[in-house]
Structure formats: structure tokens, C-alpha cells
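>>> Okay, here's the prediction I keep looking at, along with the sequence it came from:
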Amino acid sequence: MSNKVVEGLYYSQSDEWLKVEKDVATIGISDYAQDQLGDIVYIEEIKIGKSVQKGDVLTTVESVKAVSDVYTPIGGEIVEVNQSLMENPATINKDPYESGWIAKIKMSKPEEINDLMNAADYAQFRKE
Amino acid sequence: MKLIFEKSIPGRDGFSLPSDLFEEIEIDKDIPEDFLDKNKKNLVEVSEVDVIRHFTKLSKLNYGVDDGLYPLGSCTMKYNPRINEKMASLGQFTHAHPLASIKMIQGSLEVMYQLNLLLCEITGMDQYTMAPASGAHGELTGNLIMRQYFVDHGEKRTKMLIPDSAHGTNPASAAMAGFEVIEIKSTSNGTVDLDALQNAMDEHTVGLMLTNPNTVGLYDGGIESIERIIHQKGGLLYYDGANLNASLGIMRPGDVGFDVVHLNLHKTFSTPHGGGGPGAGVIGVKERLIPYLPTPIIDYNANEKYFYLKDNGEKSIGMVRSFWGNFAVLVKTYAWILSLGPEYLYQASKTSIINANYVLKKLKKYYKPAYDQYCGHECTLTGREYKKYNIKTLHIAKRLMDYGIHPPTIYFPHFEPYAEETIMIEPPESESKENLDEFINVMIQISQEAESNPEILLSAPHNTPIGKTDDVLAVTKPILTYDDELRSIEQEK
Amino acid sequence: MRYIPSTEKQQVEMLKDIGVSCFEDLIQNVPKKFRLDKPLNLPPALSELELEEKITNLAKKNTDFYSTKPLIGAGAYRHFIPEAQKSLLQREEFWTCYTPYQPELSQGTLQSMFEFQSFIARLTKMDVIVPSIFDGASATAEAALMALRLTHRNKIIISKLIHPHYLKTIYTYLAPHHIEIIELPCQDGLTQMKQLEQILDESTAALIVQSPNFLGGIENLSQFSEMVHQKKALMIDIIAESMSLGILKAPGDLGVDIVAGNVQSFGMDLNLGGPYNAFLATKKQYIRQIPGRIAGETKDARGNRAFVMTFRAREQDIRREKATSNMCTNHNLNVVAANIYLSLMGTEGIYQYALLNAKMAHYLEKKLLKSGKFEKIFNYPYFNEFLIQYKGEIEELNQILSNHHFLPPLAVYPLIPEKKYENALLFAVTEIFNRNELDHITSILS
């Protein structure tokens, strides 16, 4: 089982990670999540400019034998989407924390990150 | 193997035409040019001999119940008696037009009418509809009946409770009926968590969909409490009949208090699966729900002594399909029940339960059961012990094929922590002890191979018509028709 | 019992091996109060001979349909089925197997699904084919639900001239979902176009039209498609008589987005209405919202071509309540049946048979009109089914035809209770007739 975590990111219980730079948060799914899904074959289109609230479904990722909703751990406006995933969704499997990022959100309530876990806590959470 | 299209030779044909082709009628004078295709639809040009050889060869790539043990859990792959097929293929039945006047179809209607009575007695229900075409279609019908019942009683109920162990069709059907699905966790015994059920059940909840024995093969010992919890709050209890093969002559869902029951005639009642259907998912209800059944229902006019299709009135949910039911499947079911009678129906369930417990007992040392207790007509084992050798349940299943046995159901049920890497085995009554012993020996042998020679499992199957398939490629580079294939070959050039 | 091989002695041994003294120990979890203490109240088991006699006698209570050729269609058509198809369908490998979840042991079923998809793609000129939904009615309802998901809109416009059972089924399926359903009336045997302009708007998910429609009329699908697409709604075409595809333009050439087609005519007996089979067809971009199983081509570990069920993540066993449908068991054996039928018929056979159907229907209509006992109701283009007014008593006509071993045409009034249909008859003519019979029918009715 694969369960790599990256220091400095925030993590949700539903296995999304969040990288915060100023007021923009980049969202992806964790190594654990991609491993559970297996070979990812499809990611549903995300609309730029849409505003979302914490807990909304951001997109859906699909492997051959599973489907998983990706929830946004933070509210705000979607400002950028990783278009390359539409062509090559398997990038999420290969590199979940870097080139496999999914979308960037301009946060409306940055304090929402306080509800998320740090790397050590998340590693512990998924170990249990 | 070649596709039929790759055997096409211009000028060949596999059909015959009458001599009189009504040449004098000029159809392009009657049908406007705009509606007529200028070209013939390009299909294929092969002879009858080509077709016979092609499909005979194709058939040999399949594995059926007649080829040997087919222990798919929750699928009840039992022997399909030949006489049933013959009865369903009688010309008076097969050529009966569904809209012929009822006096012309008295025989067919009588079969459906009598079958209803037999199924009511077997399950303790009051009336069946023969309309639903499959288990899931029955589930949708049943959910719509429950919905209509509450609409009619002026109650707003929007939630449906479904155990986490349920078949995927349960939540999917409830969602199609417009209900919000609330998942009820199972306990460590594999049965419904009564506290969770009590907490979830309220006046806005339609009721509970339950399979019993449940999908891990266990009778729910808490069934009395379940019934009380649901009915106390005015809810309805739905019985998923996928596992009825454990209950014939032993327990009737109607006596337990189930309000709606679906039966998979292609499971318990021996009609063939046909590579995925057709089956039939007839729905039985208690008296208070009869007005909501789909229209029509088959009735008998005792005064004038004839069977007829009765409009089920204004409260009915309407129609769920065209015409009256999968009639050919109903005839086979009728024939099976009459062949077994009360004594052998009971024997069928009894034997399937003994079979499953026998397999469980003999294999539990090698494949840890999800729940260590006696099972119903199927048992749930796991391949957990072999994870340390990098072996997953999938590999065990594929290796079984090398021994000429169809794998059991794998990865279902799936919920953590009890049911992972599951292998669900259902050996129905038509399997002899010798067949089971052979299966058990092969399973033990595979468990030893997993330790001593895991590579042979990882690379299995070895002697099947094809090897392990690339399921990812099938989605990322979809080829769904022969023309897709031709285009992809073109692109590669 | 011949279907239960284990003997009583063996069962005793097995119980001993399990470690219990009697069978009842295994069903402890069935509360005692619910355990049946006496046998079910059913007739005693019949021997095979007794069973055969009993059911054969029941069958004899039906009219001898084998020698009664139907002049009725209305969604169920008797066509000729070549013996080669019937014979191949007897192969147990096709009918005693399960859904092809294990591709290594199911290539026969999977390749057959793929070939059928390929045939239907060529007949309809659509990209993605789901080979099996139960029947035309359920496929139509599924098509409507699919359009609602694709457009996120909440209004469906339906032609009144789709099969009445299909129409009822749509209402049943959509009842829980707060959908506005508007019916388009009939004008001269075709779906009225004028009113559509007023109803079509930005909340319309789809227009559903059947062609040939329930009364036989061939609809102007391309014009409907054009109107529907202007509002970015979807065009759904229903086909109840698939034989028509042999000569009529393909829906894919007429701007249709989703096709639901009953393929009973491709090699399935009437069987009092089931089991039949229907396909769903759509464009590539809509594949993730289509319900039902699809076969796809891929490669196996040995590098050879192989077939699997694909785009599985849409299905209920993976996506549960979020699945595109609850479809599980379908009518896959009927897919094999239709596939063999289409292979035998081929390019020329389907064309010739469809053409012959149309010619014979038009021949009979002309003859009946000439007899003076019948009158035209509509002046519309039709394929092999036409509506005609009978000047005499329908009861009498039914009697005459039955006496001469013909199944009478459909009196549509009970299904569409409108005054103008009081004496209207819907005739269906297929290749099972010949000129002598059609002449004979005309003469006994004149």
C-alpha cells in the first residue's frame, strides 16, 4: 500500500491535499487516495470561475473499478484547472502531489484551513 | 478470434427470399425520397455456413453451468432443467401476440395466474406482478409502489435505509425512485446494527431494503427487531429476494413481516441467466399494497370462467415496461415449481445450505471467513492471509480458471474492516458432494501455491482462450464497434 | 430428485463433517416462530411426463398461434426467423452462463455484444451502443432520464404518437423526479410540429419522437432535430419496428442525439410480449451518462485482441446510488439472438426484407382501399404498418379473420380513445405473408 505524505501541505479526511500560497489554494488528492482508486482513467471537467463552498464536490475521478468524488476542503472561486489531466488523468497516479494537482481556488474564507490536518496527523490518520 | 465482419466476402449471403418480391410496387412513390436511405446499410456478407461456424466457435469461448461448477455468490447458478426450455418453446406460447384478444391467450394467462398463486404460497405474500424484467427492475417497481403508497396516504417520506452490505442495485433503485439513500452499518456479526437502524428510522423514512440471508450469506438473527423498528414508525419492509434459495419451505418473507418482495426467477427458480439475462424480477406485496401494483394484473372471472388482464385502477404506479412480463421466463419458473413440489423445494434450500456450510467448514482453515459462523446458502471467505505473498483474491480467482472451475464472486461484498478481499461461494443444490470436494481440493492446492509458487497465481490464467485483459486501455482508448477499430488502425498508419 | 444429486446418506456425512448433528443446527438464526413447521401448501411434485402433459394442455388453451398469422404489430412483430439462428441459440454455452464479469471465460458473450453494437452503429449511424435494455419502453424511459442528466433541465416534450405502453412507462419512471412532461398532439398521423415551436424553450431537456410512430407514420426527424437543437435540447428517437432501419434513413443522419430501439424484430419470438430487447445509442460525448453494459475491445496479457465490459464506473455495482441506472441483469441472450439474425441477413438481407415489408403493406392497403370497405384516415408516409378506417363492424371483421386463421389488426380506439379512431384499424404486414394470403384477406373482408 502506498501512503506517501508531503510536508507543508494540509490534508482532509476525505484524502484531498491543499497547498496554500497567499490567498490561492491548490487542491489534489493524496497518494493514499490514488492508490485506493487504482489506475485513473477519467476526471470530470471542472468549470473555471465557479464558486464553491467547503465540502462541495469539485470533480469526480474514475478508475476502472471505482469512482470517487473529490471534495473541496475550502470555499472560494475556481481560478485555474489542470487541463492536462483531461488528456492524461493517469498523471494523478504517477505524481499526485505535483503535476497531478487538480484545481486552484481563490479562498474566500482562508480560516477554513484550520479544520485540516498537517502531514504528520494525516499520515497517522491513514495508518489507523 | 476474428469478428464476423472480418469474414465478410462481397456477394455472399446467409438468407433466402421468397420468389414474389412485389416488384410492381414502387416504394419510392409511397415514401418520400427524403426518408429513404440512398445506400443499403453496410452490415456483413457471410453464408449460413460461415455463421454456424462463427457462432459455434464463439460459444466455445464461454463457460456455462453445463460445463461445471459455477459457484458465483448471490447469483444462484443452478442447473437449468431442459424440460423447462421445451415447455417455454411450445408454438402456442412463443407465437402468441401480446395484444391478441384475451380469449385467444387463455392458456398463457392461466400460466401467469397459477404462477402467482404458487409464488404467493412460497413467500407468504398476497399478490404478484409479473411485469418486472429483472431483479433491479423489480426493485425499482417495488420502490415506486412504496412511494405511491405514502403519496396516497398523504405522508412525505423521502429516505430509504439500506445496509452497507447490500447489492449496488438497492441504492441505485432507491435513487431512481427519488429517495435519499441512508446507509446502515453492519455489526461485527455481519448483520444489521439495530441501534443504528433505530436511530435512522423516523417518520420521514420509507423503510428498509433487506436481503435475508444477507449478502454475506448470513440469516439476520435480529429480523424480529428489524421488523418492529420499521413498522413502529409506519415504514415498509422490502425483501430483496436474491438469496431466497436459502429459504424455500424454511421461512417465508411474508410471515416475517416483509411488505414488498422481489424474486429473481433466474436465480432461485432455475431459469437460465443467458449470459446476463433475460430473467424476471417479479414483485409480491401484502394486501394493502395491491392497489399500487403496476397495471395490469392477471385475474380470473369466476362467474364466466375466464382469465383476463385487469386494469389495476387509479392508484397503480402505471406501467414499468411494454406488455405483460417476460412470459417465456415465467413458463420455465412454473414448470420448475411443479417439478419440485413442496418436498423438493425444501430439499433444494436444505441442500444448498448444507453445501455452503460444508465448503465453509472445509476451507476456513485456508481462507479466513469474513464471519466465523454457520452460513445460509453461500459463504463469504477472504484471501487476506495471502496478501503477504502479494497475492490478492483476484489472482486466486484467475488461478481457479486454470483448473477448469468458474471463480466465485470476488470483492463483493466489500466493506471494511470485515469484508475485504472477499470470495463469496454459492454452491446450489444441483452441485454434488463430489463436485464440491473437487472444488475444495483445488482451493486448498491454490492456497499452497500462493505460498510456494506465487508467480503461477500472479500470471494466471494460463490455459483460458484469452489471458488477463487490459481494462484501462478499454476506457482510455475506447473501441466500442468494429468501425472504431477500423478507424484506430487507420490512425496508427 | 433428478436435479439434486446429493443423496440422503451423503448429506448426513456432510452434516457430520460440518460438526452439527442435524440440519436445524445450521439455521439457528432463523427465529423459531418464523420457521415453517409444515410443508408448503403446493401441489405434489410432477414427473417430467406429467409436467409435459400439463403444460402442453395449457398451451393448447391458446389459439394455435403457429398457424395464425398476425395482421397486428403495435410494438410486437412476427418476422421469419431462420433455423440456423434458433439452432445456434440452443448452445448451452450461450444460455447457461452468467453476466460476463470474468472475460477470460466469457469471450463468446462479450464478442457477440461487440458485434451487435457494431451492427447497430451501422444501422443507426450512432457512435456508442448499449446493446441491452429490457425493452422499448424501459429503454425510452432510460433515454429520457439520460437527457435530464445531460442537460440539467427539467422539461420533457413527448409525441403522443409513441407506443402507449412506452408513454405510460415514461410517466412511471419520471414520477418521482418533478419533471414537467408535455405531450405533442397528432396531426394527420404525424406528430404536430407547429405547437412544438411554442413549447420548446431553454428548460427543455429533450423531445421524444417515435419513427415510424405508433400509427405507422414516418416522422420528419431532421426537422425536429433542427428545432430542438436551436434550444440546445436533445433529440430522442424511438424505434419500435427495427426492421424499418433496413430502408429508412439512419437516425444518426437526421441529427438525433439518443436512439432507443426495440429489436424484437431481429430474431425474437412474440412470446406474449417478452423477453424482447432494446438498444440505446448515442454520440461519443454522452457516453458517461448512458445506462447499461457496454462491451469494448482491448488487449490481453498475450497481446491479443480481447473483449471486456467497459466504462463500468457508470454502473450500480460501482457507483451505487449515483449510478446512471440500476440496470444489472439485462436481456443479453437476446443480444446474441439479434446478432446471429443480423449476421445471417447481412447487408442485402436486411435491405430486401425491409423493402419487402414496405411493399407488402402498401400492396395490402391499396387492395383494401379498392375493395370499398375501407377508407384512408391519413395521407402519411408509412413503413409496414398503416391505419385505415373500416366501414363495417369491427367485431364482425375480427370474427371473419379469426375464422380464416388470421390474427386481426389492432383496433386503436381502446388505446387512444378519440372519436376519429372509433373504427380505425392498425394493420401490420411483414414478410411472413404472401400475395395469395393478402388477396385472400382482401376478398374475405369485401
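Arrived safely. Numbering: from 1, shown residues only, chains lettered A, B, ... in the order given.
>>> Look up the closest residue to residue 14, ignoring the ones flanking it.
If you meant another chain, say so; for now it's chain A. Leaving aside its chain neighbours, residue A:14 sits nearest to residue A:71 (5.2 Å; criterion: C-beta to C-beta, 6 or more residues apart in numbering or on different chains). Where you see a C-beta, it was placed from the backbone N, CA and C, and this is true even at glycine.
>>> My question was about chain C, not that one.
Across the structure, with C-beta to C-beta, 6+ apart as the measure, the residue nearest residue C:14 apart from its sequence neighbours is residue B:358 (4.6 Å).
>>> Could you pull up the contacting residues of the one you found?
For residue B:358, the residues meeting the contact criterion (C-beta atoms under 8 Å, 6 or more residues apart in numbering or on different chains) are B:433, B:436, C:14, C:17, C:18.
>>> Out of the residues you listed, which end up buried?
The neighbour count (16 or more other C-beta atoms under 10 Å in any protein chain shown) marks B:433, B:436, C:14, C:18 as buried among the contacts of residue B:358.
>>> Include pLDDT, secondary structure and distance to residue B:159 when you put those into JSON lines, please.
Below are the buried ones among the contacts of residue B:358 laid out as JSON lines (pLDDT from 0 to 100; DSSP: H, G, I helix; E, B strand; the rest coil; distance: C-beta to C-beta, whole Å):
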{"residue": "B:433", "pLDDT": "97", "secondary structure": "helix", "distance to residue B:159": "46"}
{"residue": "B:436", "pLDDT": "98", "secondary structure": "helix", "distance to residue B:159": "42"}
{"residue": "C:14", "pLDDT": "98", "secondary structure": "helix", "distance to residue B:159": "44"}
{"residue": "C:18", "pLDDT": "98", "secondary structure": "helix", "distance to residue B:159": "41"}
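>>> quick one: stretch C:49-62 near chain B?
Yes. Judged by C-beta under 8 Å from any C-beta of the partner chain, stretch C:49-62 comes into contact with chain B through C:51, C:52, C:54, C:55, C:56, C:58, C:59, C:60, C:61, C:62.
>>> Pretty sure the second one sits against residue B:85.
This means residue C:52. No. If you go by C-beta atoms under 8 Å, residue C:52 and residue B:85 don't touch, sitting 12.0 Å apart.
>>> still on that earlier bit, any idea which of the buried ones among the contacts of residue B:358 is closest to residue B:102?
For residue B:102, the closest of the buried ones among the contacts of residue B:358 turns out to be residue B:436, at 48.0 Å, with distances computed as C-beta to C-beta.
>>> And that closest one, how far from residue C:120?
Note on residue B:436: its distance to residue C:120, by C-beta to C-beta, to the nearest Å, is 42 Å.
>>> Which helix or strand contains the residue nearest to the spatial centre of chain A?
For chain A, the residue sitting closest to the mean C-alpha position, by C-alpha atoms, centre = their mean, is residue A:28 at 2.3 Å. With elements delineated by DSSP states H and E, residue A:28 resides in strand A:24-29, which encompasses its position.
>>> for that strand, what is the average pLDDT?
Model confidence over strand A:24-29, given as mean pLDDT, is 96.
>>> again with stretch A:62-73
For stretch A:62-73, the per-residue pLDDT averages 91.
>>> what sits opposite the residue nearest to residue A:14 in the beta ladder?
Applying DSSP bridges to residue A:71 yields these beta-bridge partners: residue A:57.
>>> List the contacts of it.
Contacts here follow C-beta under 8 Å, 6+ apart; on that basis residue A:71 touches A:12, A:14, A:16, A:55, A:56, A:57, A:58.
>>> Only whichever of these are buried, select them in ChimeraX.
Provided next is the ChimeraX selection string for whichever of the contacts of residue A:71 are buried by 16+ other C-beta under 10 Å:
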select /A:12,16,58
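>>> Tell me the one of the contacts of residue A:71 nearest chain C?
For those, the minimum distance to chain C (C-beta to the nearest C-beta) is 10.2 Å, reached by residue A:57.
>>> isn't the closest one right up against residue A:70?
Yes. Counting by C-beta under 8 Å, residue A:57 touches residue A:70, with 7.1 Å between them.
>>> Grab the nearest non-local neighbour of residue B:142.
In this structure, residue B:142 finds its nearest non-sequential neighbour in residue B:260, 4.4 Å apart by C-beta to C-beta, 6+ apart.
>>> do residue C:102 as well
If you skip the residues right next to it in sequence, residue C:102 has residue B:407 as its closest partner in space, 6.0 Å away by C-beta to C-beta, 6+ apart.
>>> Roughly how far does residue B:316 sit from chain C?
Shown here: residue B:316 relative to chain C, a distance of 9 Å by C-beta to the nearest C-beta, to the nearest Å.
>>> right, and the helix or strand after the lowest-mean-pLDDT helix or strand in chain C?
In chain C, the helix or strand scored least confidently by mean pLDDT, DSSP states H and E is helix C:316-319, which has a mean of 88. Proceeding C-terminally, helix C:316-319 gives way to helix C:332-371 as the next helix or strand, assigned by DSSP H and E.
>>> And the helices in chain A?
Secondary structure of chain A (DSSP state H): helices at A:31-37, A:84-87, A:91-94, A:119-127.
>>> what do you get for chain C?
If you assign secondary structure with DSSP H, the helices in chain C sit at C:8-18, C:48-60, C:83-89, C:92-95, C:107-124, C:136-151, C:164-174, C:194-199, C:221-230, C:316-319, C:332-371, C:394-403, C:435-445.
>>> which residues touch residue B:116?
Residue B:116 makes contact with B:127, B:128, B:130, B:298, according to C-beta under 8 Å, 6+ apart.
>>> So which of those residues is the closest to residue C:438?
Closest approach to residue C:438 among those (C-beta to C-beta): residue B:298, at 34.8 Å.
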